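In: pasting the sequence and the predicted model now:
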Amino acid sequence: MKLFAVCVFLIASLHVASQKNIRLRSPNGQIVYSLQVSSAGPLYNVSFRNKPLVNNSALSLDFLETGEFKKNLRAGTPVFRDGEENYELITGKTSSVHQAYHEVVIPLRESIGSFRKINLQVRAFDDGVAFRYEFPQQQNWSQFSLTNEHTAFNLAGDPVALALLLPNYTTSHEGEYTHLPLSKIKEDTLMDMPALFEFTGPVYVAITEAALLDYAGMYLSKEKNILISKLSPLPGQVQIKVKAKLPHYSPWRVLMISDRIGALVESNILTTLNEPCKIKDLSWIKPGKTTFPWWNGNVVPDTLNAPGNNFVTNQYYIDFCTRNGLKYHSVVEYGLHQWYTDDGVNFQPGPHADVTTPVPGLDVKEICDYAKTHGVDIRVWVHWAALYPKLDTAFAIFEKWGIRGMMVDFMDRDDQEMVNIQAEIVRKAAQHHLHIQFHGAYKPTGESRTWPNEFTREGTLNYEVNKWDKRITPDHDLNIVFTRMLAGPIDYHLGGFRAVPDSLFKVQYTRPLMLGTRCHMMAMYVVLQNPLGMVCDYPAAYEGQPGFEFLKEVPTTWDQTKVIDARVAEYIAIIRKKGRDWYAAAITNHSPRVVSVPLNFLDGGKYVAEIYSDSDDVNVEPNHLKKESKGVSAKDVLSIRLAAGGGMAIHFRKID
């Protein structure tokens, strides 16, 4: 009996001790997440190769009905398991994902009071760690109103932050990025996600979220030098952030981690944390490049009869697509009035806006029919507030006309209500074989795995701004690569073919001008992940111009992606594969540099490399470029000079 009592005591002691420090390692053992639960509340830590990254960070939740969930918690028996996700992506940076992880689910229950239970689900990958709150079904608690989620990120030391700082939650997520040590960022400033932090070493950590569904979008804010989560409040008030019935889940809180910044660009952790694809027939989902005439000012030749919101103007752009192999033409507006009837001002819906009724003189079905006979598909622009009240009717009519997709614009929110609206739009669009591009919208959170008809999102200050301001520089482009692009597909209004030196830039609403070189612009089609790449300029700006042949042939989806070399806010060199061919690209900020591209990624055999690089006189004429073709193999290394604000693009064709 004494021996039995001693054994029971030892087992109990070991169980209690394990609850005090529950540890989870990544499959390669380099990332460690640990959780300690005391009467004061749960605290977690994250380390990478034994280097602390997140120290003693608190987790707690506040509910309107039942108060704080933090103190007097007991951890139940943690449940560990190993997992692996294997899936295909239509619109990804890679076509096949194989990602292993280790997982623990830690039940947390109040020891006094309401005895509520919330599970903490944690997954550790080789390129990051993620955790979320699970609200399981339970007695005496069936629904909640969440007022605050206090997820803390107490980052070790004073890492350098690269982040978009915002004034409030009503935002299109467009602005310049701040690059400062965390200690220098003002307290109580909203920080958009993804936010990048560079530790000594270097080690890189990007904080963002995955699987944002039926929940409020999350931001970060510094309080006493600790980053705390902030959620968008539901409209019309400031207290309640999320209303839900049990069971329910929060989004995943994700830390992408590596000592190589390129690993964060390559990572598929966000799609892996989402549910499998819910669309059975995927044959109608066709990524590709698209026109967007609004950007260039709807430029047409003087010989065109009666340009406007009509057939002949759209026919002109459709014929351009046909000649050059572009998949889509976008019907947007003409003369600052959208293609559908609306009595609003500045594209904002009026009381009689109707997306199912084109303006007089515009027959959308006629345009769709003409495009189809020429191998082109039609997509349209809509304001979300004009679309949503007629969502089911509009989608049925769009499908009948032959429309294949749309840009849904001016969302400017990520509260729970707007998150659910966007999810409904994507889901119902799939039922009518329509793809979706969100503008004025929050960052992706990996949902393109579940609903691959969501092609891309904006959520960034981009080249559209060149129509009315001088804010988009090569430096800004690099900041976008290491922040917003880490979340997923990013629309950037690519394709401006009128680069000028900085001293000659002026605002032009029609035929906008560009900073940086033409090769920089061409490289952006490879550097940025975007399955719906825009070709925004007008036909005469492209046809016969050096470099347009690259825009015509560059893919918009990829089988493999690898960052060759990169330095935050300075440059990136990247390679992507599609089928038998490889593409390489590099862009730099305001500093010239030479990039080396080892070709050991090439498969066996010989290739022809078509190389586009900055001409020697781009400081005077930034549209000039050099093009050369040369035979190469995996043994070669290419060294290419990038001018200030410049770039390079290469297409590697395999020789049979």
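Out: Yep, that arrived.

In: which residues sit in contact with the spatially most central residue of the chain?
Out: With distances taken as CA atoms, centre = their mean, Gly488 lies nearest the centre of the chain, 2.9 Å away. Gly488 sits next to Leu270, Thr271, Lys443, Pro444, Thr445, Gly446, Ser448, Arg457, Gln529 when contact means CB atoms under 8 Å, 6 or more residues apart in numbering. Backbone N, C-alpha and C define where each C-beta goes, glycine included.

In: all helices of the stretch 501-650 of the chain, in order?
Out: Using DSSP state H, counting those that start in this stretch, the helices of the stretch 501-650 of the chain run over 518-527, 539-542, 548-553.

In: so which of those helices is the most surrounded?
Out: Among these, ranked by average contacts under mean count of other CB atoms under 10 Å, first place goes to helix 518-527 (a mean of 28).

In: what does it rub up against?
Out: Contacts of helix 518-527 (CB under 8 Å, 6+ apart): 474, 477, 481, 492, 494-497, 499, 514, 533, 546-547, 550-551, 554, 572, 574, 576, 583-588, 612-614, 618, 622-625, 642, 645-649.

In: list buried members of those by neighbour count.
Out: Buried members of these, scored by 16 or more other CB atoms under 10 Å, are 474, 477, 481, 492, 494-497, 499, 514, 533, 546-547, 550-551, 554, 572, 574, 576, 583-588, 612-614, 618, 622-625, 642, 645-649.

In: buried ones in stretch 206-224?
Out: So for stretch 206-224, counting by 16+ other CB under 10 Å, buried means 206-222.

In: any idea how far Pro622 is from Ala569?
Out: For Pro622, the distance to Ala569 equals 21 Å [CB to CB, to the nearest Å].

In: go on, Phe115?
Out: Distance from Phe115 to Ala569, by CB to CB: 50 Å.

In: who's more crowded, the two?
Out: Ala569 (18 against 12; other CB atoms under 10 Å).

In: that one touches His476, doesn't it?
Out: No - counting by CB atoms under 8 Å, Ala569 stays clear of His476, with 9.9 Å between them.

In: the nearest residue to Asn324 once chain neighbours are set aside: what's it in contact with?
Out: Among residues not flanking Asn324 along the chain, Lys552 sits closest, at 5.1 Å (CB to CB, 6 or more residues apart in numbering). Counting by CB under 8 Å, 6+ apart, Lys552 touches Asn324, Gly325, Leu326.

In: mind checking the SS state of the last one?
Out: Reduced to three states with DSSP: H, G, I helix; E, B strand; the rest coil, the structure at Leu326 is coil.

In: count the residues that sit near it.
Out: Applying other CB under 10 Å, I find that Leu326 has 22 neighbouring residues.

In: give me the low-pLDDT residue ranges for this protein?
Out: The chain contains residues with pLDDT under 70 at 1-20.

In: repeat the analysis, applying 90 as the threshold.
Out: 1-20, 38-39, 113-114, 603-605, 656 (pLDDT under 90).

In: looking at it, which strand is longest?
Out: Taking DSSP state E as the criterion, the chain has its longest strand at strand 96-110.

In: packing partners for the next helix or strand after it?
Out: Elements were assigned by DSSP states H and E; along the chain past strand 96-110, the next helix or strand is strand 117-125. Helices and strands touching strand 117-125, by 3 or more CB pairs under 8 Å, 6 or more residues apart in numbering; DSSP states H and E, are strand 22-25, strand 31-38, strand 96-110, strand 128-135.

In: okay, now the sheet partners of strand 117-125, with direction.
Out: strand 96-110 (antiparallel), strand 128-135 (antiparallel) (DSSP bridges).

In: before we move on, back to that, which one of the contacts of Gly488 sits closest to Leu64?
Out: The shortest approach to Leu64 among those belongs to Thr445, at 25.4 Å (CB to CB).

In: OK, contacts around that closest one?
Out: For Thr445, the contacting residues are Thr208, Glu209, Ala210, Ala211, Leu212, Pro251, Leu270, Asn274, Ala487, Gly488, by CB under 8 Å, 6+ apart.

In: grab the nearest non-local neighbour of it.
Out: Leu212 (4.2 Å).

In: got it, and Gly262?
Out: Closest to Gly262 by CB to CB, 6+ apart is Val563, at 2.7 Å.

In: tell me what the one you found is bridged to.
Out: Ile574.

In: how about Phe438?
Out: Counting by DSSP bridges, the residues bridging with Phe438 are Val408, Arg457.

In: re the thing from before, in strands only, show me the buried residues of stretch 206-224.
Out: Those of the buried residues of stretch 206-224 lying in strands (DSSP E): Ala206, Ile207, Thr208, Glu209, Ala210, Met218, Tyr219, Leu220, Ser221, Lys222.

In: surely the third one touches Trp252?
Out: It refers to Thr208. No - assessed by CB under 8 Å, Thr208 is found out of contact with Trp252, at 9.2 Å.

In: where do the contact lists of these two overlap?
Out: Common neighbours of Thr208 and Trp252 (CB under 8 Å, 6+ apart) do not exist.

In: how many residues are close by the nearest residue to Arg498 once chain neighbours are set aside?
Out: Of all residues not flanking Arg498 in the chain, Leu513 sits nearest, at 5.2 Å (CB to CB, 6+ apart). As a burial measure, Leu513 scores 16 neighbours (other CB under 10 Å).

In: quick check: Leu513 vs Leu504, distance?
Out: Counting by CB to CB, the gap from Leu513 to Leu504 is 8 Å.

In: residues in contact with Val554?
Out: Val554 sits in contact with Tyr525, Val526, Gly533, Tyr583, Ala649, His651, where contact means CB under 8 Å, 6+ apart.

In: would you point out the most distant pair within those residues?
Out: Going by CB to CB, the pair spanning those furthest: Gly533 and His651, at 15.0 Å.

In: check contacts around the residue nearest to Gly262.
Out: Counted by CB under 8 Å, 6+ apart, Val563 has contacts Arg260, Ile261, Gly262, Ala263, Val265, Glu266, Ile572, Ala573, Ile574.
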